[in-house]
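Undergrad: I'd like to go over a predicted model; first the sequence, then the structure.
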Amino acid sequence: MIAAVGHADLSVDTLRVVERELRARMERLGDPAPGLVRAGSGLSTAFGRAVRASGRPLVVLLPAQGAVPAPMPPNDLGPAREVTALAEEVRLLAYDPNDRDACVRADEALVAQCGRLLAVWDGSPTDGRDATAHMVAFARARGVAVEVVWPVGAARRSVRASASSPVPPSARGSRDDQRSA
């Protein structure tokens, strides 16, 4: 499986750019592995569209309370409906979508199920709100191949890197390079 994680604070324009890049990446891969994503706003919808456009099946993880889907945050409802409609398979995963730590654990479970991770990431360190750096390190530590996707023109809605933790030069500019574990 191919999973995706990434920054949650991407603009609509950036998500369009990212969606095109994700589709191009999946079309270049030789294997027909399905895409796997956790339902929510932003990246999950862009990834789901890219997976389906590349001809791959999509598996979506929905938050669950026991054997039923958990209530989702209002911002996630529309995108979750869309990505679920694109899915060939929907799986329930026990976690609270309103709890950041539970979402991180859910993403860890997602990464543990895949052989490749597409990380939509500008290279910035974890800041307590965004766990993309953690997910990349988590995947690499488990031998999961990681490709960082940060196309030219991609931008976060707000820059949170400080002078003491700048975005590494390798994270700027074109992300056509493919890093692997």
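TA: Here it is on my side, so go on. Computed from a predicted structure; not experimentally measured.

Undergrad: gap between the longest strand along the chain and the chain center?
TA: Using DSSP state E to define each element, the chain has its longest strand at strand 58-65. Offset of strand 58-65 from its chain centre (CA atoms, centre = their mean, to the nearest Å): 14 Å.

Undergrad: cool, stretch 61-80 as well?
TA: 17 Å.

Undergrad: cool, and stretch 117-126?
TA: Counting by CA atoms, centre = their mean, stretch 117-126 comes out at 9 Å from the chain centroid.

Undergrad: buried set for that stretch?
TA: Residues of stretch 117-126 classed as buried: 117, 118, 119, 120, 121, 122, 123, 124, 125 (neighbour count, 16 or more other CB atoms under 10 Å). In this view, the C-beta of every residue, glycine as well, is placed from N, C-alpha and C.

Undergrad: which one of those residues is nearest residue 97?
TA: The closest of the buried residues of stretch 117-126 to residue 97 turns out to be residue 120 (CB to CB; 19.0 Å).

Undergrad: you'd agree that closest one is up against residue 17?
TA: No: counting by CB atoms under 8 Å, residue 120 stays clear of residue 17, with 10.1 Å between them.

Undergrad: can you list residues touching both of these two?
TA: Common contact partners of residue 120 and residue 17 (CB atoms under 8 Å, 6 or more residues apart in numbering): residue 154.

Undergrad: for this structure, what are the low-confidence residue spans?
TA: 127-129, 157-181 (pLDDT under 70).

Undergrad: one more time with 80
TA: Where the chain drops to pLDDT under 80, the residues are 7-9, 30, 126-130, 151-181.

Undergrad: So which residues of it form helices?
TA: Applying DSSP state H to the chain gives helices spanning 12-28, 43-53, 74-86, 100-112, 132-141.

Undergrad: just the angle between the longest one and helix 43-53, please?
TA: When you say that, I think you mean helix 12-28. Angle, helix 12-28 to helix 43-53, by axes from the mean of the first three to the mean of the last three CA atoms, to 10 degrees: 40 degrees.

Undergrad: from now on call the first residue 353
TA: Sure, I'll start counting at 353 from here, so that last one is helix 364-380.

Undergrad: which stretch among the helices of the chain comes nearest residue 353?
TA: Residue 353 sits nearest to helix 452-464 of all those, at 8.9 Å, using CB to CB.

Undergrad: Can you give me the buried ones in the closest one?
TA: Going by neighbour count (16+ other CB under 10 Å), the buried part of helix 452-464 is 454, 455, 456, 458, 459, 460, 462, 463.

Undergrad: Hmm, the first one is touching residue 447, no?
TA: Yes: Residue 454 sits in contact with residue 447 when judged by CB under 8 Å, with a separation of 4.2 Å.

Undergrad: so what's the closest residue in space to residue 462 that isn't next to it in sequence up against?
TA: Nearest non-adjacent residue to residue 462, counting by CB to CB, 6 or more residues apart in numbering: residue 355, 5.1 Å away. By CB under 8 Å, 6+ apart, the residues touching residue 355 are 387, 388, 389, 462, 463, 465, 466, 468, 469, 470.
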